[in-house]
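**Student:** Sequence first, then the predicted structure, then my questions.
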Amino acid sequence: MKTCSILLLLFSLPAFPSGAGLGSSALRNPASKPPLDAARLLGCFTRVPDESADCQVSLYLDLPVDNDPAFVFNIPGASTGHCFLMLRKSGKTGSVSRVFGFTCAGIGALSGYDVPGKLVDNSGHKFNAELDMRVSASEFGRVTSRILTRGSSPRYNLWNGNCVHYALDLINALRPEHPILPPNPGTMDGHYGVGSVQALYILLAHMKASGQADGEDIKVGVVDYAPISSGTCG
């Protein structure tokens, strides 16, 4: 979401307690990054044969204020949080990984209407929660096909087409019987909806604490940094 939704979210900010963890200069702004071409982003995965491949799809969440989903905006860090992904495929010929997310590509997102969107590299981006999924080569192909179908510049919508919705669309392609659904606006019991990073963080924490099958694959309450995209086509 980032700068595309900053002004709108300011109108619903809770009060910041003193020393609430503000001012992390390591936070990055996805909307300021150059766009990625979907075909080039995924092209190198074809260099790793499906046979005996080890495949992983990971979901990352970056909260504006580390590990406190009560806040929708970090003023010194100019952050409203972010949701992004890592795809990794390893085999006999090597390993390829891509860390990327979806964001708005220009002004107008605050209108609530569809605006241009873009894929961006999120290598090294901070995260506070993670869901790792080990998948088969055919399941991995289902995700990459979905990315290519949506293209390099899907339309961005603050309410129903932001970074969280994009990432969950791909994750849920792997779990159609048990989808992770973003909350509707205004249903967060004080924690703000809008398909928000905060809402998804709370949901993942609940999935882990309640002992659901995914729990062992979820990390929450961490301050860590995503891997760097690796592997080339050369």
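**Tutor:** Good, I have the coordinates.
**Student:** What ranges does the chain have for its helices?
**Tutor:** Applying DSSP state H to the chain gives helices spanning 6-10, 38-43, 137-150, 163-172, 197-209.
**Student:** Could I get these in TSV, plus columns for distance to N74 and mean pLDDT?
**Tutor:** For the C-beta atoms, the positions are set from N, CA and C on the backbone; glycine is no exception. Output for the helices of the chain, formatted as TSV (distance: least, CB to CB, whole Å; pLDDT from 0 to 100):
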stretch	distance to N74	mean pLDDT
helix 6-10	10	35
helix 38-43	28	95
helix 137-150	29	97
helix 163-172	16	95
helix 197-209	12	91
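**Student:** and of those, who's closest to Y156?
**Tutor:** Y156 lies closest to helix 163-172 among these, at 8.6 Å (CB to CB).
**Student:** Sort out which residues of the closest one are buried, please.
**Tutor:** Residues of helix 163-172 classed as buried by neighbour count (16 or more other CB atoms under 10 Å): 163-171.
**Student:** re earlier: give me whichever of the helices of the chain is most buried.
**Tutor:** Of all the helices of the chain, helix 163-172 has the most neighbours on average by mean count of other CB atoms under 10 Å, namely a mean of 21.
**Student:** Now that helix - C-alpha only, PDB.
**Tutor:** Provided in PDB are the C-alpha atoms of helix 163-172 (Å, rounded to 0.1, in the frame of the first residue of the first chain):
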ATOM      1  CA  CYS A 163      -0.800  -5.400  -2.300                       C
ATOM      2  CA  VAL A 164      -2.600  -7.700   0.200                       C
ATOM      3  CA  HIS A 165      -5.300  -8.700  -2.300                       C
ATOM      4  CA  TYR A 166      -2.700  -9.400  -5.000                       C
ATOM      5  CA  ALA A 167      -0.500 -11.600  -2.800                       C
ATOM      6  CA  LEU A 168      -3.500 -13.600  -1.300                       C
ATOM      7  CA  ASP A 169      -4.800 -14.200  -4.800                       C
ATOM      8  CA  LEU A 170      -1.600 -16.100  -5.600                       C
ATOM      9  CA  ILE A 171      -1.400 -17.800  -2.200                       C
ATOM     10  CA  ASN A 172      -5.000 -19.000  -2.500                       C
END
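**Student:** how many neighbours does the nearest residue to G221 once chain neighbours are set aside have?
**Tutor:** Distance criterion CB to CB, 6 or more residues apart in numbering; nearest residue to G221, sequence neighbours excluded, is N67 at 5.1 Å. Neighbour count for N67, taken as other CB atoms under 10 Å: 14.
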